[in-house]
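Participant: sequence and predicted structure, then a few things I'm wondering about:
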Amino acid sequence: MDDLPPDSFEDSLESFFALESFFAREFIRLRDGLVGRSVAENDAHAVARCAFLNRVQLHPAFQEVCTRFDEETGVAAALRRAAASMDTLATTFRLPHRGYLKRFFEEHLSPDGVLSVTIDIDDEEQAEIVRDRIERIIRELGQNLKDVFAAFASPRVERLTSDLIHLVRDVWRLPYPWLALQLFEVWLYGRLAWLLGAKLSIRVWHEPEEPPAPPLRFVFQTDPARETSVEAYLRFCREAAAVLQQLENQRLPAGKRRNNEVLERYVDWFYRHRILGESIRHISRTDEADRKEVKDGIREAERILGLTCYTFPLGEIG
């Protein structure tokens, strides 16, 4: 059997690829809002943020907030229905699991929107049954994916943001609005990863903004008695150099790059001490580290994680 007509599944495939495209975008790019004294410090913040997110996303309190929200708002039900449709489709196409569907569609979908699938079936009547079944499953998948989009776009999703702010600010007593925002992204992308049969990988990097072009104008009179063109050009060079030097002075120095492994170790200590409640003595003993090193490492991780313009006011924490 082959050449399923596009009008039976075109919308469904469009929804599927829209979901895939949304999931595949770059994850977290830090371009502004950082207040490190050097580019290296801002880069260190990106490394520390990623390491901290990778630990916090596994915390039972975060998992409980997300699971409760999923069940109460119907997000979980919409995801389960879409996953069931994708599993059935993957089984019908004899794929190992639903994570292979994207590649399968890309390999079998022609430029004019015709999906060509070949399944060896001797009985023509049985082939028609399978054909109808595939069309029905793909239509169901399209509707279920639309339900997933609707669930994620629901105004009730704002409640999850409030719950995560409460968790970060009032339960963990951390002054980091960015943590609440990016835990929300972890929730969203984690659900999409599960649905698509993909692996969720958090990537964070710092990309400094280039300064704007200076507003330089070159104006001169062609009257040699007042200023020759050469004199005007030299004047312009002096004026431009002053402006460019001022911009250069505002540029962050490169700074000394940090050892990422050491920084991630500090973040681990900070997480265990501040979030899990482990004592410095216990961390020092289990990690075979000097207590002063643990204290200094926790303090440094807290400083690096706090290199942002945006923090919760101290009066709001706790």
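Facilitator: On my side now, so go ahead.
Participant: how about the strand or helix carrying Glu106: buried residues?
Facilitator: Glu106 is part of helix 101-108, with elements assigned from DSSP states H and E. Buried positions in helix 101-108, judged by neighbour count with 16 or more other C-beta atoms under 10 Å: 101-102, 104-105. For the C-beta atoms, the positions are set from N, CA and C on the backbone; glycine is no exception.
Participant: so which of those residues is the closest to Val39?
Facilitator: Comparing those against Val39 with C-beta to C-beta places Lys102 closest, at 36.9 Å.
Participant: is it true that the closest one touches Leu196?
Facilitator: Yes - with contacts counted by C-beta atoms under 8 Å, Lys102 reaches Leu196, the gap being 7.4 Å.
Participant: what segments of the stretch 201-318 of the chain are helices?
Facilitator: Ranges of helices in the stretch 201-318 of the chain, per DSSP state H, counting those that start in this stretch, are 229-250, 260-274, 280-286, 291-305.
Participant: give the buried residues for the last one.
Facilitator: By neighbour count, and taking 16+ other C-beta under 10 Å as the criterion, the buried residues in helix 291-305 are 294, 297-298, 300-305.
Participant: report the rounded mean pLDDT for that helix.
Facilitator: On average, the pLDDT along helix 291-305 is 96.
Participant: which element follows the helix ranked longest in the chain toward the C-terminus?
Facilitator: Longest helix of the chain, by residue count under DSSP state H: helix 124-153. Counting by DSSP H and E, the next helix or strand C-terminal to helix 124-153 is helix 157-166.
Participant: before we move on, back to that, so what's the gap between the longest helix of the chain and the chain middle?
Facilitator: 29 Å (C-alpha atoms, centre = their mean, to the nearest Å).
Participant: list the buried residues in that helix.
Facilitator: By 16+ other C-beta under 10 Å, the buried positions in helix 124-153 come out as 131, 134, 137-138, 140-142, 144-148, 151-152.
Participant: in CSV: the residues you listed, plus distance to Pro177 and pLDDT.
Facilitator: Shown next, in CSV, are the buried residues of helix 124-153 (distance: C-beta to C-beta, whole Å; pLDDT from 0 to 100):
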residue, distance to Pro177, pLDDT
Arg131, 53, 79
Ile134, 47, 81
Ile137, 43, 85
Ile138, 42, 83
Glu140, 40, 87
Leu141, 37, 85
Gly142, 37, 83
Asn144, 34, 88
Leu145, 32, 85
Lys146, 32, 85
Asp147, 31, 88
Val148, 27, 86
Ala151, 25, 85
Phe152, 21, 82
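Participant: list just the nearest of these to Thr73.
Facilitator: Taking C-beta to C-beta as the measure, Thr73 lies nearest Ala151 of the buried residues of helix 124-153, at 6.9 Å.
Participant: which residues does the closest one contact?
Facilitator: Applying C-beta atoms under 8 Å, 6 or more residues apart in numbering, one finds that Ala151 lies in contact with 73-75, 78-79.
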